[in-house]
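Participant: build me a structure from this.
(one chain, ligands or ions: 1)
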Amino acid sequence: MTQSLHPGPASPAIEFDAALIGKLSQLGPRYTSYPTADRFTESFGYRDYLQAVAAVRRVGGRHPLSLYVHIPFCQSLCYYCACNKIITRDRSKAETYLGYLKREIEMQGQLFAGANQIEQLHFGGGTPTYFSDAQMDELMRHLRRWFSFAPDAIGEYSIEIDPRTVDRERIHKLRRQGFNRLSMGVQDFDPDVQAAVNRIQPESMTLDAIAAAREAGFRSVSIDLIYGLPKQNVISMGTTLSKVIAADPDRISIYNYAHMPHLFKSQGLIDEAAMPSAQAKLDMLALCIRRLTRAGYVYIGMDHFAKPTDDLAIAQGQGRLHRNFQGYSTHADADLVSCGVSAISSVGTTYSQNVKTLSAYYNHLDKNDLPIARGIKLGMDDVLRRSIIQMLMCNFELSMPSLEQAYPITFASYFAAEMEKLRGFEQDGLLEIDDKWITVSPKGRLLIRNICMVFDRHLNERRAEPQAAPLRYSKTI
Ligand code: SF4
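Facilitator: A predicted model of the protein is given here:
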């Protein structure tokens with residue numbers, strides 16, 4: 001009997017095929033979760049969350065956690081922003097928020113007492129560095145009181161910084177406070193683009209922040225860029241890319257700007273006449289891919305590039321990459337406990353999201369309730385499809401026999417309709433199917449969201465509804 005050998009997680013190659021992208025680009029989810037957050041309902045509440053925690057605790061064993069902390073405040077408004085944030089210069093708001101955040105952390109800490117080993121921490125926002133040094137010290141002390149943190153060499157402790165809010169000393173302080181990874185928004189180095197989106201961030205400020213992070217011993221420095229902003233073109237993007245490559249960050253994320261002013265009011269402040277055409281956006285994306293891969297970065301997937309020596313690229317090579325609300329991660333299978341307004345947790349087979357306004361957040365905590373607004377409990381079919389989407393997003397391949405071993409299904413019959421759609425993608429050259437594997441091709445990798453959408457039962461059921469509401473997603477590319 002011959003054994004079918006497979007080379008392991010697919011090698012990190014990517015191919016830009018403009019015709020295929022033009023043919024297949026459509027609105028679709030980013031799959032930071034499955035089911036996606038728009039499927040969460042208010043019938044899921046605090047009690048359901050407690051049951052989920054109890055179920056996780058019953059399973060026992062070593063069970064490291066991931067912790068997310070959301071700090072919603074920002075000093076000024078970037079017009080393109082689609083985050084859940086509050087623009088204010090009133091610092092007392094941060095002090096009040098910190099008090100309530102500590103209460104929520106304490107409640108979560110009590111729930112997980114004795115099973116509270118943290119291996120991954122992420123501070124996002126908003127602008128986490130809106131908190132002062134002293135406030136951050138207080139928060140970190142509080143987190144350490146209620147959770148047990150793995151040593152620095154093992155844990156992945158990251159924070160998003162806005163270079164406009166920190167200096168060299170602050171970055172050193174963040175390292176001493178326990179963070180070992182740092183990501184910063186840049187978007188574009190071009191002053192005209194920065195002016196058009198109301199985010200003036202001189203190049204020297206960003207380069208100083210990167211230098212300080214290196215000096216302070218951060219293990220990984222990541223830069224976020226956006227293509228599709230007003231005043232951007234292939235030439236300006238080329239200049240920004242040269243500067244980014246010279247700055248030598250460990251990871252680079254390049255997001256497609258999704259202009260949806262009907263959903264995000266501030267985007268209405270953008271001059272639409274100055275925005276690049278769809279073709280110019282595609283040209284910019286092609287340029288980004290060409291320049292970054294030539295500079296030695298590995299395409300991780302879904303907008304993310306990393307140096308081959310970075311943990312993300314290594315984890316992908318070893319087939320242990322994971323994807324959650326913060327994007328890609330190296331800590332698979334960790335339950336995610338999230339604190340702060342609008343934050344989303346993923347515990348056991350549930351997702352739950354906190355309330356979105358400060359007043360509702362404070363009201364719940366005043367009543368000693370966790371501030372959960374909505375969520376979802378996954379059934380077996382959801383868990384199975386979530387595994388499939390994870391595998392495709394992280395490894396660009398899927399072993400059908402391994403799923404048949406883990407779940408009570410026969411892949412070909414359970415997913416007969418999906419396989420038929422995938423055959424169409426196979427003809428387009430997006431993937432290959434043999435009797436054991438579905439393998440995404442280099443040109444299919446950019447369209448991975450389209451491939452995952454085939455397995456999204458909720459999306460497909462919604463599309464089949466006669467009065468289906470329009471999808472609130474961005475374009476898949
Ligand atoms: S992009 Fe970042 S800094 Fe700008 S408004 Fe949004 S959350 Fe705040």
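Participant: ok, Arg297 touching Ile252?
Facilitator: Just so we're on the same page, residue 297 is Tyr rather than Arg. Yes. Counting by C-beta atoms under 8 Å, Tyr297 does reach Ile252; the two are 6.4 Å apart. Just so you know, the C-beta spots here come from the backbone N, C-alpha and C atoms, and that holds for glycine as well.
Participant: what do those two both touch?
Facilitator: Phe305, Ala306 (C-beta atoms under 8 Å, 6 or more residues apart in numbering).
Participant: name the nearest residue to Thr96, ignoring sequence neighbours.
Facilitator: Excluding its sequence neighbours, the residue lying closest to Thr96 (C-beta to C-beta, 6 or more residues apart in numbering) is Tyr362, at 7.7 Å.
Participant: tell me, what residue is most central in this structure?
Facilitator: Gly327 (2.4 Å; C-alpha atoms, centre = their mean).
Participant: please name the bridge partners of the closest residue to it other than its chain neighbours.
Facilitator: Excluding the flanking residues, the one nearest Gly327 by C-beta to C-beta, 6+ apart is His304, at 6.6 Å. Here His304 sits in beta bridges with Ser253, Gly301, going by DSSP bridges.
Participant: burial measure for His304, as a count.
Facilitator: Applying other C-beta atoms under 10 Å, we find 21 residues neighbouring His304.
Participant: what score does it have for pLDDT?
Facilitator: If you check His304, the pLDDT there is 91.
Participant: on the three-state scheme, Lys281 is what?
Facilitator: When classified by DSSP: H, G, I helix; E, B strand; the rest coil, Lys281 comes out as helix.
Participant: one more: the one 5 residues further on?
Facilitator: Assigned by three-state DSSP, the conformation of Ala286 is helix.
Participant: these two touch, right, the residue nearest to Thr96 and Tyr100?
Facilitator: Yes. Tyr362 is within contact range of Tyr100, at 5.5 Å (criterion: C-beta under 8 Å).
Participant: what residues does the stretch 51-200 of the chain put near the ligand?
Facilitator: Cys74, Leu77, Cys78, Cys81, Cys83, Lys85, Gly125, Gly126, Thr127, Asp162, Gly185 (C-beta under 6 Å from any ligand atom).
Participant: dump those residues to JSON lines, plus pLDDT and neighbour count.
Facilitator: Compiled in JSON lines, those are given as follows (pLDDT from 0 to 100; neighbours: other C-beta atoms under 10 Å):
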{"residue": "Cys74", "pLDDT": "96", "neighbour count": "21"}
{"residue": "Leu77", "pLDDT": "96", "neighbour count": "15"}
{"residue": "Cys78", "pLDDT": "96", "neighbour count": "22"}
{"residue": "Cys81", "pLDDT": "94", "neighbour count": "18"}
{"residue": "Cys83", "pLDDT": "89", "neighbour count": "15"}
{"residue": "Lys85", "pLDDT": "92", "neighbour count": "21"}
{"residue": "Gly125", "pLDDT": "92", "neighbour count": "23"}
{"residue": "Gly126", "pLDDT": "93", "neighbour count": "24"}
{"residue": "Thr127", "pLDDT": "96", "neighbour count": "24"}
{"residue": "Asp162", "pLDDT": "95", "neighbour count": "22"}
{"residue": "Gly185", "pLDDT": "94", "neighbour count": "20"}
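Participant: mind giving me the packing neighbours of the strand or helix carrying Thr206?
Facilitator: Taking DSSP states H and E as the criterion, Thr206 maps to helix 203-216. Helix 203-216 is packed against helix 168-176, strand 181-187, strand 220-227, helix 234-247, with contacts defined by 3 or more C-beta pairs under 8 Å, 6 or more residues apart in numbering; DSSP states H and E.
Participant: residue contacts, Gly228?
Facilitator: Asn256, Tyr257, Ala258, His259, Met275, Pro276, Lys281, Met284.
Participant: if I look at the first one, how far off is Glu138?
Facilitator: Counting by C-beta to C-beta, to the nearest Å, the separation of Asn256 from Glu138 is 38 Å.
Participant: just confirm Phe123 contacts Leu67, I think it does.
Facilitator: No. Using C-beta under 8 Å as the test, Phe123 is too far from Leu67 to be in contact (9.4 Å).
Participant: Gly296 falls within a helix, correct?
Facilitator: No. Going by three-state DSSP, the assignment for Gly296 is coil, not a helix.
Participant: pretty sure it sits against Asp310.
Facilitator: No. With contacts counted by C-beta under 8 Å, Gly296 stays clear of Asp310, the gap being 11.1 Å.
Participant: who's more crowded, the two?
Facilitator: The neighbour comparison of Gly296 against Asp310 (other C-beta under 10 Å) goes to Asp310, with 22 against 11.
Participant: and the closest residue to the ligand within the stretch 301-450 of the chain, how many residues sit next to it?
Facilitator: Evaluated by C-beta to the nearest ligand atom, the stretch 301-450 of the chain has Ser342 as its residue closest to the ligand, separated by 11.9 Å. Per other C-beta under 10 Å, the neighbour tally for Ser342 reads 19.
Participant: and what about it, helix, strand or coil?
Facilitator: coil.
Participant: now do the same for it: its pLDDT.
Facilitator: 96.
Participant: and the longest helix along the chain, what does it pack onto?
Facilitator: What stands out as the longest helix in the chain, according to DSSP state H, is helix 92-111. With contacts taken as 3+ C-beta pairs under 8 Å, 6+ apart, helix 92-111 sits against strand 65-71, strand 73-74, helix 133-146, strand 335-339, helix 358-366.
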